[in-house]
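Engineer: Everything below, folded, please.
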Amino acid sequence: QVQLVESGGGLVQTGGSLRLSCAASGRTYSTYARAWFRQAPGKEREFVAAITGSTYYADSVKGRFTISRDNAKNTVYLQMNSLKPEDTAVYYCAGRENVFATLRWTDYDYWGQGTQVTVSS
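Structural biologist: Modelled structure (predicted):
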């Protein structure tokens, strides 16, 4: 069983930065895919970024967000720069027991509790 715990959310002004962390415990492997999704009120959960041996980004965050991982700490990060009000959402860390990442949230096996990110205009 894998547990994921996010941290690092908060309130920031437009143009600001935040770094989210997702610490994993339990049976984890550094080669397994990890991802970030987000869900705004009244909207569906959407893909943000994923990491395996490569990194993948949604077009809406490409060039502004960076996903990375520290295998020694079993932690994945999401560095978010140049934040916009439309980035406001609950951000979820996800993992799957597969070396391939996907954009579909239904393909992921483990989820964190979510962390709120609010960007004020």
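Engineer: For the most centrally placed residue in the chain, give its distance to residue 13.
Structural biologist: Note on the chain: the residue nearest the mean C-alpha position is residue 36, at 2.3 Å, using Cα atoms, centre = their mean. Per Cβ to Cβ, to the nearest Å, residue 36 is found 21 Å from residue 13. For every residue, glycine as well, the C-beta is placed using N, CA and C.
Engineer: follow-up on the earlier one: which residues outside whatever helix or strand the residue nearest to the centre of the chain lives in are in contact with it?
Structural biologist: According to DSSP states H and E, residue 36 maps onto strand 34-39. Strand 34-39 has contacts (Cβ atoms under 8 Å, 6 or more residues apart in numbering) with 20, 22, 24, 45-51, 67, 69, 76, 78, 87, 89-96, 101, 105, 108, 114, 117.
Engineer: try stretch 68-83
Structural biologist: 12, 14-25, 28, 30, 34, 36, 48-49, 51, 55, 61, 64-67, 87, 91, 93, 117, 119.
Engineer: can you check stretch 8-27 too?
Structural biologist: Identification of contacts with stretch 8-27 by Cβ under 8 Å, 6+ apart yields 1-7, 34, 36, 73-85, 91, 93, 95, 110, 112, 115-121.
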